[in-house]
Structures are given as structure tokens and as C-alpha cells.
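In: Any chance you could fold what I've pasted below:
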Amino acid sequence: MDLLIVESPAKAKTIGRFLEKNVCVEACMGHVRDLPRSKLGVDVKDDFKPTYVKISGRSKTIKMLKEKAAKAEKIYLGADHDREGEAICWHLKEMLGKKNGFYRVAFNEITPDSIRDAFESPGSIDLCKVNAQQARRILDRLVGYMVSPVLWKKVRKGASAGRVQSVALRLICEREVKIEAFTPEEYWSVTAEFKKGSGEKFNAKLEKIGKAKANIPDEKKAQSIVQELKGADFVVNGVEQKKGHKAPPPPFTTSTLQQEASRLLGYRAARTMRVAQQLYEGLDVGKGDPAGLITYMRTDSVRVSKEAQNKSLRFIHDRFGADFVPDEAQKYKSKKGAQEAHEAIRPTDVEMEPAKVREHLTDDQFKLYGLIWCRFMASQCKPALLNRTKVSVTAGKFEFSARGVEILFPGFIVVYSQVSSGRQGMGGKEVILPSLKEGEALDLAALSPKQHFTKPPARYSEGTLVKALEEKGIGRPSTYAPIINTIQERFYVERESGRLVPTKLGIMVNKLLVKNLGDYFNVEFTAEMESSLDKVEDGKLDWVQLIRDFYQPFESSVEDAGKNMENVKKELLEETDEVCDKCGGKMVIRWGRYGKFLSCINFPECKHSRPYVLETGVNCPETACDGKVVKKKSKRGRTFYGCSKYPDCKFVSWYKPVPVKCEKCGADFLVEKKGKSGQILQCIQCDYDRICSEVHNLSGS
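Out: Numbering: from 1, shown residues only. Got it, this is the predicted structure:
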């Protein structure tokens, strides 16, 4: 009997269906060994030799694997084919004790053909990958265990720093500084509605006054322009038409999948990866046996196998017609620095359309699989053919412009629009202008001056933060979701209306780290370290030398930080108007293991405390309830709003209430929602809504 060890029971179950009965498939449940939690676990005087211990809760699994390994003729190690997976295989080999009979098998997709190919040509553990993972783990341990104690003394007990997470926090905090420093500036636009003699209408925007760009700073200037244009003659001054192709997007990488799942589905990075893992490991879709629906989901490559391309092209030909098949198969270039260890994320079988498997999938699985399937199929289609039109209309010194887009041939848009629901980014919506000729006279149907204000840079969403991390070379496909999770679990960042907002604790920690250890917690240094880890994986750099070069100057810098870093424990305390029930002292907001809580200012003499509740300034809308709407957190960390009288009152809302009366029905408050043109305030009792910036400063919320 042979033994195959993979990470999860779901993966074991799927693969077990494809193998002969003489192969036993078991799950190790991920890592079986790690550095100890209670101490550093790295001997800095002996070439940074790590001490590994069994992970808590894995004893029964390890015992079972040892028993089965002792009886097995061959042991196949089938963890994911990346640094973490390679390290899992190495740790298993070290723990199981047998010196011979180990074979490494890896699967880009969990299908019968892929499993058979892996077993026909098994390999060995890639020690360069193991060394790269080990180097990353030790670097992260050194940073965390050396810097965190300094923060305990200067900030609060339990505060911590991370080599990569602290840089992500820095990006979020720096964006917040720009938002707070931003001063909105007023400007106006003037839009004209023109009418042809045939009655067709179109809109055009004032772009130039004379030869200069139209600059309308206030209402007075806008109204003077409107007055000048009344009674003017409007003539088509020019018509430009340009045909061009819009190329399809490449298939998904880990980063782009997380970005699109955030943009189109509203999924957090961790949620996206959790569901993608389920799709990869295998699901029963009505064929009797579970099968993997997508290829491996941790990848930075856009490469696609020739076989997969050929199958997709045949499908496109049969489903959409020969016109949608490109003359040559599409080729995409991965970003600089991509490891190219795996293919792009794609369906394992293009014939397995989302609609065919809908009844066998959860909502999350169906939506994400549909996104992956449509993106891949779109990437193999012909480009779209567009006709772009620009029309110039003049009246004396005033020049208006109108732009139109007509889709002459939809190409890939036909496929991708199935999931994008017409959202911009994959071709956009058609704006077709009427047929116009140079010199043609037009009638003015309406002039609309409109006030605007410049907007601050947007806060990061999880998707845009992943994009920023990738562009700056921070982290790798397997680390984006853990990075974002960590800074939220440490209460350095909160999610508000889908955006990442630094807390007072996060801002304070970032400020101290940048001031005292800024050379180590910056984008350039972190990206350079990621590049060095890639060199270790490629066998071009010794992992011990990498850590040695880092450790010596870092140790000295941490010592200096411990001496020079200011103590901000008192600054973190926030006084409230509430009074201690026991001693009459003021209650202050403190940071604890589970976030904010209220505690007596006379601590430790008085140890009275109670939960902290953030009121929104809005009364509960339920009839006969005198409660207040307060901010809360779900078990999964998602922010929601509910009545302070819970469980007596069950009012809840996912949307942030704003104390602004509804102008239509008189409701006491509106809620923030995401509309087609950005954030809006909407009434929950009627259909009233308005643009958020008109009444509420989002950047300061």
C-alpha cells in the first residue's frame, strides 16, 4: 500500500476518487510544525537555526500519519506547489522519520488527467523553495519578536509589528493623511443639450473658451457664460471618427481575482481565497465524484496551457461562432518578477458552464466560479471593435465637445458582460451620437450649469490595496489576504462602507514605527526583501546570508528605538462623559485584546470596565422603541448597525446611518450606500436618495 499526503480532507476526498485502491490518501491539515509561540525559536548565534515544534492540535494527525507511513512502500507528498506547500512536504518528511521512499507530486488542477500525469513523473522536494519559505518565516519572527516588546512598553500590551503588514498599514495611514489634508475646491461645468433639425438630441460639455481650457471657478462665472450663450448660433465645427480594437483582459492571477471579486462581488480577499480553495480542491457537481473546478488559485502568471487554449477556442467557435475566434490564440505577458510556477486561474473544463453546475454550488461558489469562467473565456476571444466619435460644437469663442462610443463588434465583451453586468472597465456602455456633419447648424434645447467640488484620494478597499501591494512589489499571491486580515485583527484598521480606515491605535503605531524604524518599514526595503526571497527560491542567494545581512543592522536599530521611542499610552486614552459606577471617576476608552472598551480612569485602583458602544447619533426607527442605533461587529468582523436595546429590539442595518432627515417622507435618518455614480445617501422608508457629498463629508466619516 502506498500513501499520499495532502493538506485538506476535501482535497484528499477528491483525489482519492481518481487513484487506484492501493493508494491511501490522507490529510495533514496544513502545517504540522512551526516555530514555538512562547519564545523566539531562532538561534541567532548559530546561523539562525530554527527550532520547530509540533503545532498544537496536530498530535493525533501526526500519530496517524506516522503509523500509515511505517506500513507504506512509497510515500507521496502532494501539498500545493508553492513555497508553503513545499515547506509542508519537507516538514512531513522530517517528522515521519523514513529516510527513503518519499516522492513529491504536485497538481495544477485536481482532475483525473492531472493526477495521473503527476504520478507518472513524481519529483523530489525543492529545497530552494523550502529555504525561501523558511527565510520568510524567520525574518517575520525576528521582526515580530524584536519590535513588538518595544510597542508593549510604549503603546499597550499586545501591540505588535509585522515585517510586511506594517508596510500595508503605512500605505493606509499615508492615504488617510492626504485625505485629511485635502481642501475641496469648487468648480462648475456647463452642459448643453443640442437638437438637430430632425429632432435627435445629444449632450455636449463646454471644454474651451477661446484657446484655453474652460475654467469656471464659481456660480457667478457659470451664469455669465449661460447668459452669453443665450441666442448664440451653434455650429458643428468638427467630427472625428476613429475605429479601434479593445483587447480582452488576461485571465486571472491571484491579485486580479481578488481585485475583481472585491469590485464586482464585494468580497473580502480572505473570502475570495476561501471560496477559490473550495473550487480548486473539488466539489460534487452531479457527476458522482467530486472534481476540481478551477486550477490552482495562488499564482502570479497569466500563462495558459496549449491544451486549455485549444479547448476554449473550440467552445467559443461552437457557442458564439467563428467570428469570435481570434486568428491566433491570445498571448499575455506576465508582470515583471512573476514566478510563472503555475498557469493563470482558469476553469479545469470549459464545458462546465456556471449555469450547468449552479444547483450544486453555494451562492459564493457560483458567483466566484462564474467570474473565473467568464474571465478566462473572454481572455481567449477576439478583441472588441469600437467606433469612437468626437464632435466639436462652437458658438463664437465657446467650444463644446461630445464623445460617443459605438460597439461595431462585441468580441470578448459578450462573454465578460455576463458577470460584469455592464459595469465599466470591460468595454463600458455605448454612447451613440446622431449623424452629424461639419458646418451643420444645431438648436440649443437646454443649458445646465452644475456645481462640483474636487474630491480627496479614495481610501483603499481590500481590492485596491491588493493592487497597490502588487504594483509596489510587496507580498506574493499567497500573502495578500493574510496581510489584510492581520492589520484588521490587530485593530489597526477597520472597514467602513467597504473601505479600510486606520484606527487611532493604527495611526499611533504607524507613526512610531515610521519615526524610529522607518528604514525597515517602507515600500522600497520591503520590495527589495521580497526580491531577495525570490532569489533564494531560484537558488541564487543563500538564505542564511540574507538573514545575516538583515539582522545585524536591524538589531542595533531596534535597540535605539527602545531607548528613543516616546511613550504614547496616555495619548491613546480617550475621555468620555460617562461616569464610573463604582468610584465616580471618569470612564475612558482603552484598547484591549478584543478592541475598544470603557475603563475607569483610576485603574488599577478601580478596575471597573464595560463594553464600548459607538453611537451614530440616530434614534432607532422601530415604533415604540427609545433605543439608539449603534455600531457593532459581526462574528466575522463585518461592521453593521443595530439597536442599543437588543435583544428586545431586533433592528439591524448593514449601511451606516447618517443623521440627515429625508426630504421626501420625513424619516429621521438616511443611510450610506454605493450608487452608480459613487456614494449616495438613501432613505430606508422610501425611494429618496441624493449624492453623498452634497450633505455629508465622507472622507471625514
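
In: Can you report how many residues neighbour Phe194?
Out: 22 (other CB atoms under 10 Å). Every residue, glycine included, has its C-beta placed from N, CA and C.

In: What residue, apart from its backbone neighbours, is nearest the residue nearest to the spatial centre of the chain spatially?
Out: Nearest to the mean C-alpha position of the chain, counting by CA atoms, centre = their mean, stands Gly463 at 2.7 Å. In this structure, Gly463 finds its nearest non-sequential neighbour in Ser262, 2.9 Å apart by CB to CB, 6 or more residues apart in numbering.

In: got the contact list for the one you found?
Out: Ser262 is in contact with 268-269, 272, 461-464, 466, counting by CB atoms under 8 Å, 6 or more residues apart in numbering.

In: do the same with Val53
Out: 33-36, 41.

In: hmm, back to that, so which of the contacts of Ser262 sit within helices?
Out: Judged by DSSP state H, the subset of these located in helices is 269, 272, 462-464, 466.

In: Write the PyMOL selection for whichever of those residues are buried.
Out: Those of those that count as buried under 16 or more other CB atoms under 10 Å are selected in PyMOL with:
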select buried, resi 269+272+462+463+464+466
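
In: Please enumerate the strands of the stretch 401-550 of the chain.
Out: Here the stretch 401-550 of the chain has its strands, by DSSP state E, counting those that start in this stretch, at 441-453, 493-496, 499-502.

In: Rebuild these as JSON lines, extending it with mean pLDDT and distance to Ile216.
Out: Below are those laid out as JSON lines (pLDDT from 0 to 100; distance: least, CB to CB, whole Å):
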{"stretch": "strand 441-453", "mean pLDDT": "95", "distance to Ile216": "8"}
{"stretch": "strand 493-496", "mean pLDDT": "90", "distance to Ile216": "33"}
{"stretch": "strand 499-502", "mean pLDDT": "94", "distance to Ile216": "31"}
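
In: So which of the ones you listed is the most surrounded?
Out: Sort the strands of the stretch 401-550 of the chain by mean neighbour count, taking mean count of other CB atoms under 10 Å, and strand 499-502 sits at the top with a mean of 22.

In: now the residue nearest to Gly463: how far from Asn310?
Out: Separation of Ser262 from Asn310 (CB to CB, to the nearest Å) stands at 32 Å.

In: which residues touch the helix or strand Gly16 falls within?
Out: Gly16 belongs to helix 9-18 when assigned by DSSP states H and E. With contact meaning CB under 8 Å, 6+ apart, helix 9-18 is reached by 4, 6, 23, 25-27, 29, 78, 107, 110-112, 115-116, 278, 281-282, 289-292.

In: What's the separation between Lys196 and Val523?
Out: Taking CB to CB, one finds Lys196 at 54 Å from Val523.

In: likewise Glu471?
Out: 10 Å.

In: With Asn237 instead?
Out: Counting by CB to CB, the gap from Asn237 to Val523 is 47 Å.

In: Reformat the contacts of Val53 as a markdown table; add neighbour count and secondary structure.
Out: Listed next are the contacts of Val53 as a markdown table, based on neighbours: other CB atoms under 10 Å; DSSP: H, G, I helix; E, B strand; the rest coil:
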| residue | neighbour count | secondary structure |
| --- | --- | --- |
| Arg33 | 19 | strand |
| Asp34 | 19 | strand |
| Leu35 | 18 | coil |
| Pro36 | 14 | coil |
| Gly41 | 18 | coil |
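
In: Could you single out the nearest of the residues you listed to Glu120?
Out: Of all the contacts of Val53, Arg33 has the smallest distance to Glu120: 30.3 Å, by CB to CB.

In: Next, the contact list for the closest one, please.
Out: Counting by CB under 8 Å, 6+ apart, Arg33 touches 52-55, 91, 94-95.
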